[in-house]
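Undergrad: quick one: sequence plus predicted model below, questions after.
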Amino acid sequence: RFIKILAELFLISLIAQLSLLPISCNYFHKVSLTAPLSNILLIPLSGILMGGGFLLWLISFLPFDFLTQGLVFILNILLMIFKFLVEFFASLPISKIVSPSINPILIITFYLIFFGFLNLPLIKNKKKYICVVGVIACVLAVLSFCFMPSKIEVLKGNYNFAVIDKNKSLTRVFGAGVKGEVLQNALLSLGAKEIDCLFTKSSASYLYALKDLENIKIKNIYLNQNTIDEKTEDLLKKTSAKIDFIWPGQEYCGVKIIKEEKDLISIEIKKG
């Protein structure tokens, strides 16, 4: 019976987490894999603490201080245990997996499969049901990729800017002169978790985002000058990106460099 109760708590928590998965991805950009396991301990313990709080309020009207003090002592211990468990599960690497936003068609596909699976025990002809749901899900998944629109996001920082160009196959960023958190949230909102190509000037103010840009992988960084100062070099070392220098007349990552002047670089971007 005890194992059955634990299994029910785990499954209820798992179903709740899965049903909210698209919301977690699109609004918070985080997914926790420890929640179904941690809730087995935390949900019953939180119920005991809440019940204990109401009980403490009731016995506070009685002229028995030793009861109140004893219950406060017990609740303090339980609160310390609760806090320890929360911090322990939150410290695990799988407790906070960063996830980009999911497009609407993929969300429909996910819920089709999810609720289709939940209703499977009620269906008589299970093989036919699974085939129909599977075919519809595959068609929707293909459509979600075919109709993925190109998106452009302009971010303005205190001293500089960043422009994100997101299409089906590439994520290109021009300039990184904003806070890393701002650039990361913008990329995740557009459905990108990595930057294929970052074009920027060889100046620390244009690479400001690299100071605290976490959970975003940068594959290639293209700089306009082959002379790098110490601050810029320190920022570039934080990434594992391939560093290259742009030259007029050349094409990099679908971007053709037309000409370069002192403070202006003219480019031509090919649509992906």
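TA: Happy to help now that I have it.
Undergrad: drop to CA atoms for contacts and neighbour counts, all remaining ones
TA: Noted.
Undergrad: and residue 33, how many neighbours does it have?
TA: For residue 33, the number of neighbouring residues by other Cα atoms under 10 Å comes to 16.
Undergrad: tell me the SS of it?
TA: Put simply, residue 33 is coil when judged by DSSP: H, G, I helix; E, B strand; the rest coil.
Undergrad: helix or strand with the lowest mean pLDDT in the protein?
TA: strand 265-269 (a mean of 72; mean pLDDT, DSSP states H and E).
Undergrad: list the pairing partners of that one within its sheet, with orientation.
TA: The pairing partners recorded for strand 265-269 under DSSP bridges are strand 255-260 (antiparallel).
Undergrad: now do the least confident helix or strand of the chain: distance to the chain's middle.
TA: Averaging C-alpha positions (Cα atoms, centre = their mean, to the nearest Å) puts strand 265-269 31 Å from its chain's average.
Undergrad: only C-alpha atoms, please: export it in CSV.
TA: Only the C-alpha atoms of strand 265-269 are listed here, as CSV (Å, rounded to 0.1, in the frame of the first residue of the first chain):
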residue,chain,number,x,y,z
ILE,A,265,30.2,47.6,-42.7
SER,A,266,27.9,47.0,-45.6
ILE,A,267,26.5,43.5,-45.9
GLU,A,268,24.1,41.5,-48.0
ILE,A,269,22.1,38.8,-46.2
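Undergrad: list the buried ones in it?
TA: By neighbour count with 16 or more other Cα atoms under 10 Å, strand 265-269 contains no buried residues.
Undergrad: what's the nearest residue to residue 26 once chain neighbours are set aside in contact with, if anything?
TA: Leaving aside its chain neighbours, residue 26 sits nearest to residue 101 (4.3 Å; criterion: Cα to Cα, 6 or more residues apart in numbering). Counting by Cα atoms under 8 Å, 6 or more residues apart in numbering, residue 101 makes contact with 22, 25-27, 29, 188-192.
Undergrad: ok, residue 221 to residue 245 distance?
TA: Residue 221 sits 8 Å away from residue 245, going by Cα to Cα, to the nearest Å.
Undergrad: who's more crowded, those two?
TA: residue 221 (22 against 16).
Undergrad: quick one, phi psi at the more buried one?
TA: phi -120, psi 130 (degrees, to the nearest 10).
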